[in-house]
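A.B. asks: how would this look folded up:
(one chain, ligands or ions: 1)
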Amino acid sequence: MRALCWHGKGDVRVDNVPDPEIKHPRDVIIKITACAICGSDLHLLDGYQPTMEAGDILGHENIVEVLEVGS
Ligand SMILES: [Zn+2]
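C.D. replies: Model (predicted):
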């Protein structure tokens, strides 16, 4: 799948990443149908989150379709 990934301060890219898998009973797999940019995303873009690692997937303000649920 394609995802918006963080690669460093001011550097985000749309990358090909592995498809998600259900790993835990409470996991869900979603398809994002619309999204917004949050102020938190701007902090990440500016490098204010020290736990970010290159390749981390961004985005948390989404409208989704649920494709699969865990047990
Ligand atoms: Zn937010």
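
A.B. asks: so where does His7 fall, helix or strand?
C.D. replies: strand 2-8 (DSSP states H and E).

A.B. asks: which other residues reach that strand?
C.D. replies: 12-17, 44-45, 47, 52, 54-59 (C-beta atoms under 8 Å, 6 or more residues apart in numbering). Heads up, the C-betas are built off the backbone N, CA and C, glycines and all.

A.B. asks: go with 10 Å
C.D. replies: 11-18, 20, 32, 35, 41, 44-45, 47, 49, 52-59 (C-beta atoms under 10 Å, 6 or more residues apart in numbering).

A.B. asks: list the contacts of the residue in the chain that the ion sits nearest to.
C.D. replies: Residue of the chain nearest the ion, by C-beta to the ion: Cys38 (3.0 Å). Going by C-beta under 10 Å, 6+ apart, Cys38 touches Leu44, Leu58, Gly59, His60, Glu61.

A.B. asks: may I see the buried residues of the helix or strand hosting Leu67?
C.D. replies: Here Leu67 sits within strand 62-69, counting by DSSP H and E. Within strand 62-69, no residue counts as buried by 16 or more other C-beta atoms under 10 Å.

A.B. asks: which other helices and strands contact the helix or strand bottoming out on mean pLDDT in the chain?
C.D. replies: Ranked by mean pLDDT, DSSP states H and E, the weakest helix or strand in the chain is helix 39-45, scoring a mean of 90. Where contact means 3 or more C-beta pairs under 10 Å, 6 or more residues apart in numbering; DSSP states H and E, helix 39-45 is packed against strand 2-8, strand 11-16.

A.B. asks: and the pLDDT at the residue nearest to Val17 when sequence neighbours are not counted?
C.D. replies: Distances taken as C-beta to C-beta, 6 or more residues apart in numbering place Ala3 nearest to Val17, at 4.8 Å, with adjacent residues excluded. At Ala3, the predicted lDDT confidence score is 93.

A.B. asks: please name the bridge partners of Ala3.
C.D. replies: Asp15 (DSSP bridges).

A.B. asks: tell me, how many residues neighbour it?
C.D. replies: For Ala3, the neighbour count with other C-beta atoms under 10 Å is 17.
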